[in-house]
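Novice: need a structure here:
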Amino acid sequence: MGSAIVKHLIHAGFTVYTNLDSRSPKAHQRALGAGMINVPLKTLLSKSNWILSIVPPGEAFAFAQKIRTVLAASPLAGLALPRAFVDCNAVNPETTPVGFIDAGIVGTPPREGWDPTFYACTESGSEQSSPATADALMKELSISQPAPMSRLVQTVPEGIPKAYRFVAELEGLAEFVGGGEADVFKGFAGVFERVAGSLEGDGVDVETLRSGVEKALELQGTSK
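Specialist: Numbering: from 1, shown residues only. Reported below is the predicted structural model:
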């Protein structure tokens, strides 16, 4: 993902720096082949207006920690440089050890005729569920994932009144599979149990699902 995005940025006239310390030979090859300039981390911080963290999610925390360590130990500390740290990885924002802009990349790497979409937020807690984030996600899925959206529009209304039937089925699968993998089926069973309970109770979760379907239908109509 990162190398493909860099190619687009360089084509648009940007200079892209990177730090490849401790990265594999293949990572070096991809980065340099995309046109990145490999520099020490301190140099990267002093030269960059924007720092985009696009790494395997398991490496995101360590990279952010390296940024914080260098900033705290170097003469750069305290300077009002025009720099923003943007975490574009699928991580828990509460574990990121530096101040940052929380971003997500929706879609596959860019290619001819296709670009993924960056969604970003800067306010604390705004990465959590809200009507605004839900609408943005629905709109993005209607554009980049129309087939799954069409499937959901059909199956969600059909599945709501049958939700109770799937609880025991999925719990049985969890018992059969066992081990850590059983947690997946237990999680799905919990979802269906919640929907079934909502249908017989206050109806709030069911109304949320139905509103989502209506929104998806609306977006499908406007995208045609």
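Novice: Around Ile67, how many other residues sit close by?
Specialist: For Ile67, the tally of surrounding residues (other C-beta atoms under 10 Å) stands at 21. The way it works is simple: take the backbone N, C-alpha and C, and place the C-beta from them, glycine included.
Novice: State the pLDDT value of it.
Specialist: For Ile67, the pLDDT comes out at 86.
Novice: got the phi/psi numbers for Ser20?
Specialist: Small correction: residue 20 is Leu, not Ser. Note on Leu20: its backbone torsions stand at phi -110, psi 20 [degrees, to the nearest 10].
Novice: where do the helices sit along this structure?
Specialist: Applying DSSP state H to the chain gives helices spanning 2-11, 25-34, 41-47, 57-73, 131-144, 146-159, 163-177, 182-200, 204-223.
Novice: so what does the least confident helix or strand in the chain by mean pLDDT touch, helix or strand wise?
Specialist: The weakest-scoring helix or strand in the chain, judged by mean pLDDT, DSSP states H and E, is helix 131-144 (a mean of 78). Counting contacts by 3 or more C-beta pairs under 8 Å, 6 or more residues apart in numbering; DSSP states H and E, helix 131-144 is packed against strand 117-121, helix 146-159, helix 204-223.
Novice: could those be laid out in a markdown table, adding mean neighbour count?
Specialist: A markdown table is the format used below for those (neighbours: other C-beta atoms under 10 Å):
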| stretch | mean neighbour count |
| --- | --- |
| strand 117-121 | 15 |
| helix 146-159 | 13 |
| helix 204-223 | 14 |
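Novice: No further queries at this time; thank you.
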